[in-house]
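Enquirer: With the input below, show me the fold.
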Amino acid sequence: MYNNGESFGFITGKIKEIKVGLFKSEINSELLLPNNVIQVLRVDDDGHLWFFTSCNGRQAANINRTFYAYLDFHKRGTDSRLLLNGTANIIDEEGDVDALITQSNYSKTIASSLVLVKMKIMQAEYFEGHETAKNISWKDRIFNSFSNLFSDNNNHRVYDFG
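Expert: Predicted coordinates for the structure are as follows:
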């Protein structure tokens, strides 16, 4: 098991809750693996996230099999954000690809334009915004702003798993 601690459970719980994020890879050419929206299909106990991303089908063979990647999760209607980074691998094993294609919303006809990515969570950052009500007075807003400057707030948390 990768990490059975409370922080790992918190992060994986947020990932399973949100599911959809923005994928960015550190590959020389954005044409090979463009930044796009992905849906996490599996989160395993070893700290891996499994998802499909689009790729130029003719260039798939030229992509580095191991690279560094980022995921940015934000749930609409909430003022929170989850940023993940870590090493990612392209998975070619047909059993894994077929199992996750059937689990996903993708049809098998577009499978040739997708690659399966398995990303290991190395670091996670969770941001939670202030839930300020619209009817709060300006005096209270100023007081809250100053008190947040001097308090140890938990609006930003960093987790290292690597």
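Enquirer: ranges for the helices of this protein?
Expert: Along the chain, the stretches classed as helices by DSSP state H are 6-18, 94-103, 138-150.
Enquirer: Export these as TSV, with columns for distance to Lys118 and mean neighbour count.
Expert: Using the backbone N, CA and C atoms, a C-beta is placed for each residue, glycine as well. What follows is these, written out as TSV (distance: least, C-beta to C-beta, whole Å; neighbours: other C-beta atoms under 10 Å):
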stretch	distance to Lys118	mean neighbour count
helix 6-18	14	15
helix 94-103	8	13
helix 138-150	39	10
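Enquirer: Mind telling me which of the ones you listed the model trusts least?
Expert: Ranked by mean pLDDT, these bottom out at helix 138-150, with a mean of 71.
Enquirer: what about Asn64, how many neighbours?
Expert: Neighbour count for Asn64, taken as other C-beta atoms under 10 Å: 14.
Enquirer: ok, now Leu71?
Expert: 24.
Enquirer: How about the contacts made by it?
Expert: Contacts of Leu71 were listed using C-beta atoms under 8 Å, 6 or more residues apart in numbering, and they are 21-24, 38, 40, 49, 82-85, 119.
Enquirer: mind putting these in CSV, pLDDT and distance to Phe73 included?
Expert: CSV is the format used below for these (pLDDT from 0 to 100; distance: C-beta to C-beta, whole Å):
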residue, pLDDT, distance to Phe73
Gly21, 96, 4
Leu22, 97, 8
Phe23, 96, 10
Lys24, 95, 12
Ile38, 95, 10
Val40, 96, 9
Leu49, 97, 10
Leu82, 96, 4
Leu83, 97, 8
Leu84, 98, 7
Asn85, 97, 12
Met119, 97, 13
